[in-house]
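[1] here's a sequence, model it:
(one chain, ligands or ions: 1)
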Amino acid sequence: MSRPDATIAAEAQRILGRLGVARDRFEAGTLAVWSPITGEPIGRVVETAAVAVPEAIARAHAAFLRWRLVPAPRRGELVRLLGEELRAEKQALGRLVTLEVGKVVSEGLGEVQEMIDICDFAVGLSRQLHGLVLPSERPDHKLTEQWHPAGVVGIISAFNFPVAVWSWNAALALVCGDPLVWKPSEKAPLTALAVDALMRRAAARFGDDAPDGLATVLIGGQEVGEALVDDPRVPVVSATGSTRMGRAVGERLARRFAKPILELGGNNASIVTPSADLDLTLRAVAFAAMGTAGQRCTTLRRLMVHDDVYETLVGRLVAVYRTISVGSPVAGDALVGPLIDGTAFAAMGKALDAARAAGGTVHGGERVDVNGAASFYVRPALVEMPGQVGPVAEETFAPILYVLRYRDLEQAIALQNGVPQGLSSSIFGNDLREVERYLSAAGSDCGIANVNMGPSGAEIGGAFGGEKETGGGRESGSDAWRGYMRRQTNAINYGRTLPLAQGVTFEV
Ligand code: NAD
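    Below is the predicted model:
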């Protein structure tokens, strides 16, 4: 044991107190929270009753009626203040992310940095929510397009980015004129309460323009999520999590014609071509496949390696897998922390058994005893597979990297694209023809396609999301803001006659 159990719970509670979360919200509730670092309980959070959800949404809707009238650059000021609060508490909130979901320290801090970055982005965006002026076919007419606030935005988030996902949505939605109702993962409610407290601080500094009900957190599981998804006063729902969850949520939203932003599972691949810089590739693959203990939606899960470099690269990778440091994120400087829970550990074991049964050779993958039986640490697994068979086409949310051989690029691209998910991907190589082929319409079918880096670790400046069973949503940078607004086309006649479009005549 690297630390006495009481220490993690005490530290988590100290941070919550420092950030201004009332003790009764995390001490006396019915939702138990465990730290994956030791498996110890670190809080008991008060859950939101499903019947309380409509009341919260009613408050958010009332807030919308006021917030939509606040000028967008002024709305940006609230997000600027939120960014300041996050900067001031980066260490505390990053640490809480580590304690609650087990990320290593630099990744916990990185998650908060991502929140700060998207706030900065959104502040600038608040002066750029632009429409279009289009040529009208009629004389003395103007044709324009403008964007209006959409309404209450529901946010459902996963455990593995417990706070950053909220901010990707929240920073954009707030400048777009939309209140937020957030249902965080039931595995990570403490960090959500902490963010809620920081949001309140920012709103208090902002003043009366920030209406009551502008940002709400609902604590609970599927039932609370469904109540949010089904409410007609919520026109946009951004849901991040498994494809299973997204299918259920997507169908419900479609029934009432609400706008989905679905950010679901990935099964990300990289292709290593003969011209790749193998030193760079090795480091990139190690981070992308083992970072966050394989618990990123963009984690590298499949590696297609050209025959010419297979033995060299895979031999070196196996050595790295054998020696990578696995351990407690709060003791020492391990690069691989724990899995979130025993269910994740069981899923990993099942996938490795299936891989063996399908002819795979497994390196690593065994349990590592770091903090006793209630926590689940594993040595990441590298699995050499005879083909894309068995569990390779599924996302197992654990550090398993399936490695496949290929001979020509078309075959590698077909393998990469031959799975139901379409989130992220990358190619390693210095042959311009191969790289550009990969980025062409005939190349990667994913929402993200990188060159000479792994598929994970996106910057906030680009639109984030994926195709196929990843859900098709886009968050974060570029023009993802449009998902949080409604588009309106305006035709304006400033003449004295009434010419009809398409030359239609209708004289009365
Ligand atoms: P999960 O699907 O179990 O839960 C995600 C959230 O959905 C939780 O808040 C949960 O309470 C809620 N939920 C579950 N069923 C619901 C339903 N029927 N209606 C409404 N809400 C429901 O996912 P998880 O285990 O927390 O996270 C891991 C998964 O999330 C992986 O598949 C990973 O790839 C994915 N993920 C995707 C992205 C992305 O941007 N594409 C980012 C992070 C995680």
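[2] burial check on the residue of the stretch 301-450 of the chain found nearest the ligand, number of neighbours?
    The ligand sits closest to F397 of the stretch 301-450 of the chain, with a gap of 5.2 Å, by C-beta to the nearest ligand atom. (Glycine included, C-beta is placed from N, CA and C.) Residues lying near F397 (other C-beta atoms under 10 Å) number 25.
[3] equivalent analysis for P420, please.
    When neighbours are counted by other C-beta under 10 Å, P420 comes out with 13.
[4] and for the helix or strand hosting V224, what are the contacting residues?
    Taking DSSP states H and E as the definition, one finds V224 inside helix 222-230. Residues from elsewhere that reach helix 222-230, judged by C-beta atoms under 8 Å, 6 or more residues apart in numbering: 47-48, 50, 53-54, 57, 154, 156, 181, 183, 218, 234, 237, 239, 249, 252-253, 256, 258.
[5] for the chain, which element, helix or strand, carries the lowest mean pLDDT?
    Here the helix or strand of the chain ranked lowest by mean pLDDT, DSSP states H and E is helix 5-19, holding a mean of 90.
[6] pLDDT on the helix or strand just after that one, on average?
    Downstream of helix 5-19, the first helix or strand assigned by DSSP H and E is helix 23-27. Helix 23-27 carries an average pLDDT of 95.
[7] do the same with stretch 340-350
    In this model, stretch 340-350 carries a mean pLDDT of 98.
[8] repeat for stretch 227-244
    98.
[9] show me the contacts for whatever residue of the stretch 51-200 of the chain ends up closest to the ligand.
    At 3.2 Å from the ligand, A158 is the closest residue in the stretch 51-200 of the chain, using C-beta to the nearest ligand atom. Shown in contact with A158 (C-beta under 8 Å, 6+ apart): 165, 185, 240-242, 297.
[10] show me which of the residues you listed are buried.
    Among the contacts of A158, those classed as buried by 16 or more other C-beta atoms under 10 Å are 165, 185, 240-241, 297.
[11] out of those, who's near the ligand?
    Counting by C-beta under 6 Å from any ligand atom, 185, 240-241, 297 from those sit close to the ligand.
[12] thinking again about what came up before, show me the contacts of A158 that map onto helices.
    In helices, judged by DSSP state H, the following of the contacts of A158 are found: V165.
[13] re earlier: what's the closest of the ones next to the ligand among the buried ones among the contacts of A158 to S126?
    Using C-beta to C-beta, the shortest approach to S126 within these belongs to T240, at 23.6 Å.
[14] hey, what's the closest one bridged with?
    E263 (DSSP bridges).
[15] rewinding a little: and the ones next to the ligand among the buried ones among the contacts of A158 as TSV, adding distance to H148?
    Listed next are those as TSV, based on distance: C-beta to C-beta, whole Å:
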residue	distance to H148
S185	31
T240	25
G241	29
C297	31
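[16] which of the residues you listed lies closest to Y484?
    T240 (14.9 Å).
[17] wait, the closest one touches E263, no?
    Yes: using C-beta atoms under 8 Å, T240 is in contact with E263, at 4.2 Å.
[18] quick check: phi and psi on the closest residue in space to L180 that isn't next to it in sequence?
    Nearest in space to L180, with sequence neighbours left out and distances taken as C-beta to C-beta, 6 or more residues apart in numbering, is A215 at 4.8 Å. A215 adopts backbone torsions of phi -140, psi 120, taken as degrees, to the nearest 10.
[19] residue contacts, A215?
    170, 174, 179-180, 182, 196, 199-200, 203.
[20] give me the buried subset of these.
    By neighbour count, with 16+ other C-beta under 10 Å, the contacts of A215 hold 170, 174, 179-180, 182, 196, 199-200, 203 as buried.
[21] in CSV, list those along with secondary structure.
    Shown next, in CSV, are the buried ones among the contacts of A215 (DSSP: H, G, I helix; E, B strand; the rest coil):
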residue, secondary structure
A170, helix
L174, helix
P179, coil
L180, strand
W182, strand
D196, helix
M199, helix
R200, helix
A203, helix
